[in-house]
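Student: what's the 3D shape of this:
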Amino acid sequence: MSKPSSFSLRGRKALVAIKDERDATIVRRQFERLGIDIVTWDGGAKIDCRPDVTLIDDEFLPLTSPAQRAALGRSPVIALLGTETPSRLKLVLDLDPASFLVKPLRSAGIYAALVLAFERSERTNELKQQVLKLEQRLRSRRVVLAAVLQVMHTHALAEPAAFALIRRAAMEQRKTIEELSAEITANGSLPRAAG
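Tutor: Have a look, this model is predicted:
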């Protein structure tokens, strides 16, 4: 299944927390044009939906409930800034916003903020997945090193030759070097290739 385009917004759901009625009207009108469903939030109630994006007015900050912070952390956040004081910006940065809009709002800029928020969120998620994968591979390097040392000892090979032997055996068995290394350290020797 392919991921939705950051430019296609129809059918998405937005959690909107805006105090000023004029700004809220502008957002509602733009979201209706873009085909985005709106769930309004007053800042005090429990968040019981899974929005695709959250627009939050800086006047609702700080969020005191850990449940509210956790609920907002599941989707990209667009902060609505009314003042640029350092203390207010710190509260906004604590939300880790994917984009922002400056109040008073205008129709121009809302679509761009949404696209940027979705794109940044997608890229951040991809980077997190890459980091997890690299951390897993880094943890498995110990197993690979142990397997290389074991093959060096049992076959009287130098380190590059032992690693090449493991790599070749992994390719023949269609396994990762890490998987084969785990088998070598568990079994005490290179497993025989099937077939």
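Student: CA only for contacts and neighbour counts going forward, please
Tutor: Noted.
Student: longest helix anywhere in this structure?
Tutor: Secondary structure of the chain per DSSP state H: the longest helix is helix 110-155.
Student: Check which element follows that one along the chain.
Tutor: helix 159-173 (DSSP states H and E).
Student: Pull the contacting residues for Ile18.
Tutor: Contacts for Ile18 (C-alpha atoms under 8 Å, 6 or more residues apart in numbering) come out as 24, 42, 55-57.
Student: in the worst-scoring helix or strand of the chain on mean pLDDT, what counts as buried?
Tutor: Ranked by mean pLDDT, DSSP states H and E, the weakest helix or strand in the chain is helix 66-72, scoring a mean of 74. By neighbour count with 16 or more other C-alpha atoms under 10 Å, helix 66-72 contains the buried residues 68, 71-72.
Student: low-confidence ranges in the protein?
Tutor: Residue ranges of the chain with pLDDT under 70: 1-3, 6, 64, 193-195.
Student: And the residue nearest the centre of this structure?
Tutor: When C-alpha atoms, centre = their mean is applied to the chain, the residue found nearest the centroid is Asn125 (2.3 Å).
Student: For that one, give me its contacts.
Tutor: Counting by C-alpha under 8 Å, 6+ apart, Asn125 has no contacts.
Student: Any figure for the gap between it and Glu183?
Tutor: 32 Å (C-alpha to C-alpha, to the nearest Å).
Student: same question, Leu116
Tutor: 45 Å.
Student: Going by how many neighbours each has, rank those two and give me the top one.
Tutor: Legend: neighbour count by other C-alpha atoms under 10 Å for Leu116 and Glu183, higher for Leu116 (19 against 16).
Student: how close does the residue located most distally from the centre of the chain get to Gln150?
Tutor: Centroid-distance maximum for the chain: Ala156 at 45.8 Å, with C-alpha atoms, centre = their mean. Separation of Ala156 from Gln150 (C-alpha to C-alpha) stands at 10 Å.
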